[in-house]
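Colleague: this one's sequence-less:
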């Protein structure tokens, strides 16, 4: 009798495991479909001074530093990165590796493996087709996070626009971006994505090198889970030139940037970037 009970439990566990694997495979296939939909053909138009000639001088310096003259104006960038991540301010940093694609017109996908050993989390954060989603699982099998809501979508739009610094051609005025200079080192870009207004504040040095970025991003504001706009952004410690684009290659980012509540949770180093 006991043997039959254990056998029954074993069968149920095996079935549950198979179901979880099937769900995970389908989730991965969905992410791959979205990734492929964001890929673009090689760019044909090339960057010229005339494209930024009417912008304020500090904004011109940013673009002339970020995009070499004659560089094909990419519509997407694929990244490989390594770094660390933490769940909260009082939690330890854990290793992270990720791949990301960002398309100026369509959205982004961030596929990550966080942690290792018994604490290995795998999943993706994405925005595409006017919808945002976060989905992560333990060991790639046991679901932990599957967040999909209007609030998640709104927050994902913020991340999407807030990471255009990795694709400077997405910020050119020809893409309906309105620019202004606050002072010689502070510039602002205003844009709208699927109805969501975004204002990015960039701080550069006098040569146009990007040092810091911040913007109001929709996020969880209180312990009760309510959402509101929160100062979000990052600082850039290093930069690197890939195929004519000079982009931040080492960053740290978090919520409540610029306040005494700043909570840094993300650090990354870009190891590879491919522009198309």
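Modeller: Okay, I see it. Bear in mind the structure is a predicted one, so any value in this text is a computation, not a measurement.

Colleague: what is the burial count for residue 72?
Modeller: Neighbour count for residue 72, taken as other C-beta atoms under 10 Å: 18. From N, CA and C alone the C-beta is placed, and that goes for glycine too.

Colleague: could you do residue 113 as well?
Modeller: Quick note: residue 113 (other C-beta under 10 Å) scores 15 neighbours.

Colleague: again, but for residue 162
Modeller: Around residue 162 there are 18 residues (other C-beta under 10 Å).

Colleague: secondary structure element holding the nearest residue to it once chain neighbours are set aside?
Modeller: Using C-beta to C-beta, 6 or more residues apart in numbering and skipping residues adjacent in sequence, the residue nearest residue 162 is residue 215, 5.6 Å away. Using DSSP states H and E, residue 215 maps to strand 210-220.

Colleague: quick check: what element follows that strand along the chain?
Modeller: Heading C-terminal from strand 210-220 (DSSP H and E), you reach strand 227-242.

Colleague: which strands and helices sit next to the helix or strand just after that next one?
Modeller: Downstream of strand 227-242, the first helix or strand assigned by DSSP H and E is strand 245-255. Where contact means 3 or more C-beta pairs under 8 Å, 6 or more residues apart in numbering; DSSP states H and E, strand 245-255 is packed against helix 57-66, strand 210-220, strand 227-242, strand 263-275.

Colleague: give me the residues contacting the shortest one.
Modeller: Where contact means C-beta atoms under 8 Å, 6 or more residues apart in numbering, the residues beyond helix 57-66 that reach it are 47, 49, 51-53, 55, 168, 171-172, 179-181, 183-187, 202, 204, 206-210, 245-247.

Colleague: list the buried residues in the strand holding residue 215.
Modeller: 210, 212, 213, 214, 215, 216, 217, 218, 219 (16 or more other C-beta atoms under 10 Å).

Colleague: closest one to residue 2 out of those residues, please.
Modeller: residue 219 (51.8 Å; C-beta to C-beta).

Colleague: for the closest one, what are its contacts?
Modeller: 155, 158, 227, 228, 229, 230, 232, 255.

Colleague: how many other residues sit next to the nearest residue to residue 250 once chain neighbours are set aside?
Modeller: Spatial nearest neighbour of residue 250, excluding adjacent residues (C-beta to C-beta, 6+ apart): residue 238 at 3.9 Å. Residue 238 has 10 neighbouring residues, counting by other C-beta under 10 Å.

Colleague: which pLDDT value belongs to residue 238?
Modeller: Looking at residue 238, its pLDDT stands at 98.

Colleague: lowest average confidence, helix or strand, in the chain?
Modeller: In the chain, no helix or strand scores lower on mean pLDDT, DSSP states H and E than helix 2-38, which sits at a mean of 69.

Colleague: and residue 119, what are its bridge partners?
Modeller: Legend: beta-bridge partners of residue 119 under DSSP bridges are residue 116.

Colleague: so it versus residue 269, what's the distance?
Modeller: Taken as C-beta to C-beta, to the nearest Å, the spacing of residue 119 relative to residue 269 amounts to 22 Å.

Colleague: more neighbours: which of the two?
Modeller: residue 269 (16 against 10).

Colleague: so that one makes contact with residue 82?
Modeller: Yes - proximity of residue 269 to residue 82 meets the contact threshold set by C-beta atoms under 8 Å, at 5.7 Å.

Colleague: average pLDDT for whichever helix or strand residue 144 is part of?
Modeller: In the assignment (DSSP H and E), residue 144 maps to strand 142-147. Averaged across strand 142-147, pLDDT comes to 88.

Colleague: I would like the residues contacting that strand, please.
Modeller: By C-beta under 8 Å, 6+ apart, strand 142-147 touches 20, 23, 121, 123, 133, 134, 135, 136, 137, 138.

Colleague: for the following helix or strand past that strand, name the packing helices and strands.
Modeller: Moving toward the C-terminus from strand 142-147, the next helix or strand (DSSP H and E) is helix 150-162. Applying 3+ C-beta pairs under 8 Å, 6+ apart, one finds that helix 150-162 contacts strand 107-116, strand 119-128, strand 131-138, strand 186-193, strand 196-204, strand 210-220, strand 227-242.

Colleague: helices or strands up against the second one?
Modeller: Using 3+ C-beta pairs under 8 Å, 6+ apart as the contact criterion, the secondary-structure elements in contact with strand 119-128 are helix 2-38, strand 107-116, strand 131-138, strand 142-147, helix 150-162.
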